[in-house]
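> Make a model of this:
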Amino acid sequence: MDDEPRTMDVGALTVDAGEMVRSNPSPVQRRLSTVLAASLIVLVTAAVFANGLRGVFIFDDVFAILNNSSIHHLWPIGPVLHPPLDVTTASGRPLVNLSFALNYYFGGENPWGYHVVNVLIHICAALLLFGVLRRSFRLPVLADRLGRAATPLALAVALLWAVHPLQTESVTYVAQRAESGIGLFYLLVLYCVIRGATPHRSYSVLWYIAAILACLLAMAYKETIVSVPLFVLLYDRTLLSGSFREALRRRWALYLGLLATEGLLAYLVLTASLPASYVKGGVTSWTYSRTQPEVILYYLRLCFWPRPLCLDRCWYVARTPGEIIPGMLVVALLLAATLYGLCRRKSWSLLGAWFFLILAPTSSFLPLYELAAEHRMYLPLAAVATAVVLGCYGLQRWLGRHIPRWWGAVVLGGATLTAVAALAAVSVARNADYRSEIGMWSDTVNKAPWNPDAHSALSAYLVLAGRLDEAIAQLQAAVALRPRWVKDRDALATLLATEGRTAEAMVHWSKALECDPTQATANYNVGLILQEQGRLAEAAAHYETAIAREPRLALAHGALAGVLQRQGKPAAAIAHYQKALKIEPNSLEFHNGLGGLFVQERRFDDAIAHFEQAAAIDPKNLAALLNLGNVFVQLSRPERAISYYQQALAIDPHCAEAHHFLAGVLHGQGRVQEAITHWRQALAARPQYVEACYSLGQALYENGQAQDAMAQFRAAETMRKSGGR
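Numbers count the residues shown, from 1 in each chain. The predicted structure is shown next:
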């Protein structure tokens, strides 16, 4: 019975039992047409996404790749397969993280290799989609209607799906290989099951084992694979076996295997505890679910008119009946039609099941951080593309009763080529947006000006580009949209302070602390301003608040140590410098600061140890070398001091301090003429160096050059009065 054709009403997909070619092709012709179709899919897809290979890392790529230390080593494999919970996109997804680790192993942080892998994943998925559809159309249930056109129909769907602009986010955005990869696994499981159900019984077991293995790997890739066993069962019952009972009787071992793989997914979800970054704060299951019908309508619109595409649209919760009811009615009708078709064993209902089952984990009731995201349509888009192509094919066959059949074939083929070309052009243009962070976030701000996160992200990259005025404007827009968001206010205040607009900065920091009095970075930054103004007690209080909120904020420990040192509390200052160094052991600032404090306390051995550590971390660090020289001056070891000063001058021949300190040691050794030369070089490097000017005058006087000495003394006094240092 497994191989007996049976009749089935395929509803909207039903066409006359005509064919696009007049005669049955031979096996060689069929094989050749398949190879040519597959080659065309590869070439077209590669051409469309080629310009995306020059894209940069954006958005979640920073967390998943650039800040993800777990991918830096392939062995031991444990950390790779258990990425930290704060690694967005890869958390709880071992194989996604492993794919990033392999990319890192072969190419480091060069984005090109990551993009190549993404494109290859997409090409393989397109080929599998072609294979799944082609074999499905040739099954006995559909063969009379679609069998002879199986290859061109599957080719049309695969091309439309592969080049569609909705796919750019899953392909050109590196971190979203999580979405394209799970699409590949989903299709692979289905393809293996279809191959296993063919009449060649000797290979069926192998194909079923391959399906189970693919499903097991997919469970370690992304959670949206959860629905694949159910869809496979629906597919089997509708197109292969005719009933659930028969499907389970024939392939019970397959379904046990597929179901068993869900155990791995359950384990990963429970142990990963779903990172907080995945969950939308303040959004309940009800508010999320009532918004999703509107989101699904938006997805469907993008399938037919993919503009505008937006990286982060910042969809808001639906609140009014006008936002909730229309989408709910349309989605309810589509879902009801799908359920009706499934109950009546209509093959077209599989498209609805495909669409809703794959979207269910992200577009139902689990309140994820993003209410809407284009990459979620990666695989559901295949159902829409298939429905459109088969609908057009059915129309063409109907028209074939009234006009010459070849006219309809030409029109359908021409329409398909036109659609593929138009979609490909839009995809190529969209890929160009991924070539720079500023370009992508500028595009996002233009398309979603209501999104404060987009303004904030754009400002960060504008700062890196040195475009501070534009960055400030973007942060002001973000603050206007989200007045109580402390991080944006803190960032804005920091930029304003950098530009010398301290009063404006203090206003924003004050408002930030009104919203959250314990916010760490805002307290730290306010402390810096107060410290500059000499208000040490107030500055210390803010640093202590910052440390209480974030004990591992090393900068706050270091700043507090500096204040305590100025307040005459060396023991407390040393303690905070040591805490800062435990957090950031390679900080030159902290080593030099603690060393200076030990010098003040005349603990010269401890001071030398920290200055040498700073010099070891960065052999070109002038501060460490100068500090070492100064310590050895105090220890009356001038030759060691001279050695360190000369090392500093070898690094920077124009270092005024190194010339001045070296001149002082030389003068103490009676090498007055050499000292004069170095003091002159110090003044050449820094003309307003008051101390060097006085010292030079004294050396000239001792050298019998009284007139020149008086000139230096007068110059030094003029510098002092004008604020020279």
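> Neighbours of residue 436, how many?
Look at residue 436: counted by other CB atoms under 10 Å, it has 16 neighbours. C-beta coordinates here come from the backbone N, C-alpha and C atoms, glycine included.
> Let me see the domain layout of the chain.
11-57+109-278+383-428, 653-725 (automatic domain parsing).
> and those domains as CSV, adding mean neighbour count and distance to residue 614?
Shown next, in CSV, are those (neighbours: other CB atoms under 10 Å; distance: least, CB to CB, whole Å):
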stretch, mean neighbour count, distance to residue 614
domain 11-57+109-278+383-428, 19, 27
domain 653-725, 18, 16
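> quick one: which of those is nearest residue 545?
In terms of CB to CB, the element of the domains of the chain nearest to residue 545 is domain 11-57+109-278+383-428, at 24.0 Å.
> what sits against residue 657?
Applying CB atoms under 8 Å, 6 or more residues apart in numbering, we find residue 657 in contact with 622, 626, 648, 682.
> Distance to residue 533 added to the domains of the chain, as a markdown table?
Listed next are the domains of the chain as a markdown table, based on distance: least, CB to CB, whole Å:
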| stretch | distance to residue 533 |
| --- | --- |
| domain 11-57+109-278+383-428 | 38 |
| domain 653-725 | 18 |
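> which one of those domains lies closest to residue 331?
Residue 331 lies closest to domain 11-57+109-278+383-428 among those, at 14.0 Å (CB to CB).
> Work out the gap between that closest one and the centre of the chain.
On the basis of CA atoms, centre = their mean, to the nearest Å, domain 11-57+109-278+383-428 sits 27 Å off its chain's mean C-alpha point.
> related to what we said a few turns ago, save the contacts of residue 657 as TSV, and put in pLDDT and secondary structure too.
Putting those into TSV (pLDDT from 0 to 100; DSSP: H, G, I helix; E, B strand; the rest coil) gives the following:
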residue	pLDDT	secondary structure
622	92	helix
626	94	helix
648	93	helix
682	91	helix
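> with those residues in mind, which one is nearest to residue 540?
residue 626 (28.1 Å).
> isn't the closest one right next to residue 645, touching?
Yes: Residue 626 lies in contact with residue 645 (CB atoms under 8 Å); the separation is 7.2 Å.
> Compare these two (neighbour count), which wins?
residue 645 (29 against 23).
> and that one, which of the three is it?
Secondary structure state of residue 645, per DSSP: H, G, I helix; E, B strand; the rest coil, is helix.
> Over to residue 363?
Residue 363 - assigned by three-state DSSP - is coil.
> what's it in contact with, if anything?
Residue 363 is in contact with 292, 295, 296, 376, counting by CB under 8 Å, 6+ apart.
> which one of the residues you listed is nearest residue 452?
Nearest to residue 452 among the contacts of residue 363: residue 295, at 19.8 Å, using CB to CB.
> Doesn't that closest one belong to a helix?
Yes: checked against three-state DSSP, residue 295 lies within a helix.
> related to what we said a few turns ago, name the residues contacting each of residue 626 and residue 645.
Common contact partners of residue 626 and residue 645 (CB under 8 Å, 6+ apart): 658, 661.
> I'd like the contacts of residue 363 written out as TSV, with pLDDT, neighbour count and distance to residue 308 added.
Formatted as TSV, these follow (pLDDT from 0 to 100; neighbours: other CB atoms under 10 Å; distance: CB to CB, whole Å):
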residue	pLDDT	neighbour count	distance to residue 308
292	93	23	21
295	95	23	16
296	95	24	18
376	95	25	17
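> Any chance of a markdown table for those, columns distance to residue 234?
Putting the contacts of residue 363 into a markdown table (distance: CB to CB, whole Å) gives the following:
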| residue | distance to residue 234 |
| --- | --- |
| 292 | 22 |
| 295 | 24 |
| 296 | 20 |
| 376 | 21 |
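> Show me the shaky parts of the stretch 451-600 of the chain.
Scanning the stretch 451-600 of the chain for pLDDT under 70 picks out nothing.
> quick one: the strands in it?
Remark: strands of the stretch 451-600 of the chain are absent; assignment by DSSP state E, counting those that start in this stretch.
> Please, where are all the helices along it?
452-464, 468-481, 486-498, 502-515, 520-532, 536-549, 554-566, 570-583, 588-600 (DSSP state H, counting those that start in this stretch).
> which one of these lies closest to residue 109?
Nearest to residue 109, of those and by CB to CB, is helix 452-464 at 15.9 Å.
> Between helix 468-481 and the closest one, find me the angle.
Helix 452-464 runs at 160 degrees relative to helix 468-481, counting by axes from the mean of the first three to the mean of the last three CA atoms, to 10 degrees.
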